[in-house]
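> okay, sequence plus prediction incoming.
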Amino acid sequence: MSFAQFRELPPLHDIHDLFMLATGSPFQPEITWSVWKDVDVDEILCFQPYIRPSHQKIILETASGERNPCALLRQLIRPYGFCIETHKTFWVLKEMKLDPKTVTKKIGTTVEWNE
């Protein structure tokens, strides 16, 4: 799996800290929350060196307050096998199940692999 938006992956423990600041909840699968908390700009921008300049729109919009931290956290946790599901009145941190994927080439050959 390619994560071209990153120069290098930020440490997961730093992401855990941002998650706690943004949600008020510990970083653990199946945790739910219903409100995004304000996060200090410096706590957001400390992830900027990890993200390539061409992929910094989300982090800059989050730092400026134009968007809540959801998109940024989704971007940061995806390489570690986690995602955030949106429901009507709350969000849930989920661990992704990495199942074998199938890719079909134009010539009709099917390739299967496990990640």
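That came in fine, so what should we check first? Numbering: from 1, shown residues only.

> now the element after the longest helix along the chain, going C-ward?
When the chain is scanned for its longest helix (criterion: DSSP state H), the result is helix 12-23. Following helix 12-23 in sequence order, the next helix or strand is strand 32-33 (DSSP states H and E).

> and that following strand, average pLDDT?
Over the span of strand 32-33, the pLDDT mean works out to 98.

> report all helices and strands that the next helix-or-strand element following it contacts.
Sequence-wise, the next helix or strand beyond strand 32-33 is helix 41-45, with elements assigned using DSSP H and E. In this structure, helix 41-45 packs against helix 12-23, helix 57-64, with contacts taken as 3 or more C-beta pairs under 8 Å, 6 or more residues apart in numbering; DSSP states H and E. Yep, even glycine has a C-beta here, placed from its N, CA and C like the rest.

> closest to Val92 out of those?
Comparing the helices and strands packed on helix 41-45 by their distance to Val92 (C-beta to C-beta), the top pick is helix 12-23, with 10.7 Å.

> report all helices and strands that the closest one contacts.
Packed against helix 12-23, as judged by 3+ C-beta pairs under 8 Å, 6+ apart, are the following elements: helix 41-45, helix 70-77.

> just want the angle from it to helix 57-64.
Using axes from the mean of the first three to the mean of the last three C-alpha atoms, to 10 degrees, the interaxial angle of helix 12-23 with respect to helix 57-64 works out to 50 degrees.

> contacts for helix 12-23, please.
With contacts defined as C-beta atoms under 8 Å, 6 or more residues apart in numbering, helix 12-23 is touched by 25-27, 31, 33, 36-37, 39-40, 43-44, 46-47, 68-69, 73, 76-77, 80, 91, 93.

> what of stretch 55-70?
The list of residues contacting stretch 55-70 from outside it, by C-beta under 8 Å, 6+ apart, reads 4-6, 18, 22, 36, 39, 41, 44-45, 47-48, 51, 71-72, 75, 84, 86, 91.

> buried residues in that stretch, which are they?
By 16 or more other C-beta atoms under 10 Å, the buried positions in stretch 55-70 come out as Ile58, Ile59, Thr62, Ala63, Asn68, Pro69, Cys70.
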